[in-house]
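Peer 1: next come a sequence and a model predicted from it.
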Amino acid sequence: MKYLIDHSKKVIHRTTFAGDQCEFHTTPIDKREGTLDSPYLEKLVAEKSYKVCDVCSSSMIKE
Ligand SMILES: [Zn+2]
């Protein structure tokens, strides 16, 4: 599973399910990051207050 990190809004999306309603299209390209690194994502959530997108990531890391 590949994920898209929106560093501007601090939201993590699942690339496969991310759509218009996720609103990352308004984020500059240099503020977006694609990754397959789950530990990195969990660290962002735990330490940097990043949120998992409700729209596309419901089954990702816990809630
Ligand atoms: Zn999303």
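Peer 2: That came through fine. Numbers count the residues shown, from 1 in each chain.
Peer 1: sketch out the helices for this structure, chain order is fine.
Peer 2: With helices called from DSSP state H, the chain shows them at 38-48.
Peer 1: ok, and the closest non-adjacent residue to residue 36?
Peer 2: residue 2 (5.5 Å; Cβ to Cβ, 6 or more residues apart in numbering). (Glycine included, C-beta is placed from N, CA and C.)
Peer 1: for the one you found, phi and psi?
Peer 2: phi -110, psi 140 (degrees, to the nearest 10).
Peer 1: and the pLDDT at it?
Peer 2: Looking at residue 2, its pLDDT stands at 93.
Peer 1: now swap in residue 55 and tell me
Peer 2: Residue 55 carries a pLDDT value of 89.
Peer 1: cool, residue 62 as well?
Peer 2: Value for residue 62, per-residue pLDDT: 45.
Peer 1: rewinding a little: next, count neighbours for the residue nearest to residue 36.
Peer 2: By other Cβ atoms under 10 Å, the residues close to residue 2 number 11.
Peer 1: do I have it right that it meets residue 38?
Peer 2: No: in this structure residue 2 lies outside contact range of residue 38 using Cβ atoms under 8 Å: 10.7 Å.
Peer 1: quick check: residue 13 vs residue 37, distance?
Peer 2: The spacing between residue 13 and residue 37, counted by Cβ to Cβ, to the nearest Å, is 15 Å.
Peer 1: same check, this time on residue 30
Peer 2: Separation of residue 30 from residue 37 (Cβ to Cβ) stands at 19 Å.
Peer 1: between those two, which is the more surrounded one?
Peer 2: Applying other Cβ under 10 Å to residue 30 and residue 37 shows that residue 37 carries more neighbours, namely 12 against 8.
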